[in-house]
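A.B. asks: When you get a sec, could you give me coordinates for this:
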Amino acid sequence: MTAPLPPRPGLGAAKARLDAMLRVDHAGELAAGAIYRGQRAVLRASRTAGRTLAQIADQEAQEAEHLARFDAILIERHVRPSALAPLWRAAGFGLGAATALIGESAAHACTEAVESVIEAHYASQIEALGAAEPALVAELDGFRADELAHLDAAVAEGAHGAPAYPLLTAVIRAGCRAAIRIAEKV
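C.D. replies: This next block holds a predicted model:
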């Protein structure tokens, strides 16, 4: 679980912390959509991946809805997006394509690993924001529920059967946590 950053002292500290949260959420949704696009790009060549492709398309559509909402929130709240958006897109697509090349179970393991980090990240934000931002907390809670559904679907579809599952998911989770820390700042 990603621990929230300690409160920053001084005027504007609360806004700066909220801005960092929203910047990360936006970057995460951007990358999640790219992961699913990368997976679909590879798996559409498979004759047996029809069910997985449909599932990925549905998940990608949800991530697009989340991203659209974060686009609007950033504008409403005058928050700059991550300057590394092109990197998040490229890295996400690459991760999705690479895991899909390993096979459907690895693509599902990727989804499980990413969504486990994102779900925990949303949970920590919901706790940190509490009653101060009830409308935002409600939206984050809905997004978190979607991410949990993606995680559960990935497990049900065989994520744990991926080659080198423990190593694969540990590396993906570590990469997600690093990306969160970077997107908070850049």
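
A.B. asks: show me the contacts for the most centrally placed residue in the chain.
C.D. replies: Nearest residue to the geometric centre of the chain (Cα atoms, centre = their mean): G28, 4.2 Å. Taking Cβ atoms under 8 Å, 6 or more residues apart in numbering as the definition of contact, the neighbours of G28 are 118, 121, 179-180, 183. Just so you know, the C-beta spots here come from the backbone N, C-alpha and C atoms, and that holds for glycine as well.

A.B. asks: Then E157?
C.D. replies: Applying Cβ under 8 Å, 6+ apart, we find E157 in contact with 51-52, 55, 104-105, 108.

A.B. asks: My guess is Y165 contacts G158. True?
C.D. replies: No: in this structure Y165 lies outside contact range of G158 using Cβ atoms under 8 Å: 10.1 Å.

A.B. asks: give me the low-pLDDT residue ranges for this protein?
C.D. replies: Applying pLDDT under 70 to the predicted model, the residue ranges of the chain that meet it are 1-11.

A.B. asks: one more time with 80
C.D. replies: Counting by pLDDT under 80, the low-confidence segments of the chain come to 1-13.

A.B. asks: what ranges do the helices span in the protein?
C.D. replies: For the chain, the helices defined by DSSP state H occupy 13-43, 50-76, 85-102, 104-129, 134-156, 165-185.

A.B. asks: what about stretch 140-156, distance to the chain center?
C.D. replies: Averaging C-alpha positions (Cα atoms, centre = their mean, to the nearest Å) puts stretch 140-156 10 Å from its chain's average.

A.B. asks: Brilliant, that's me finished.
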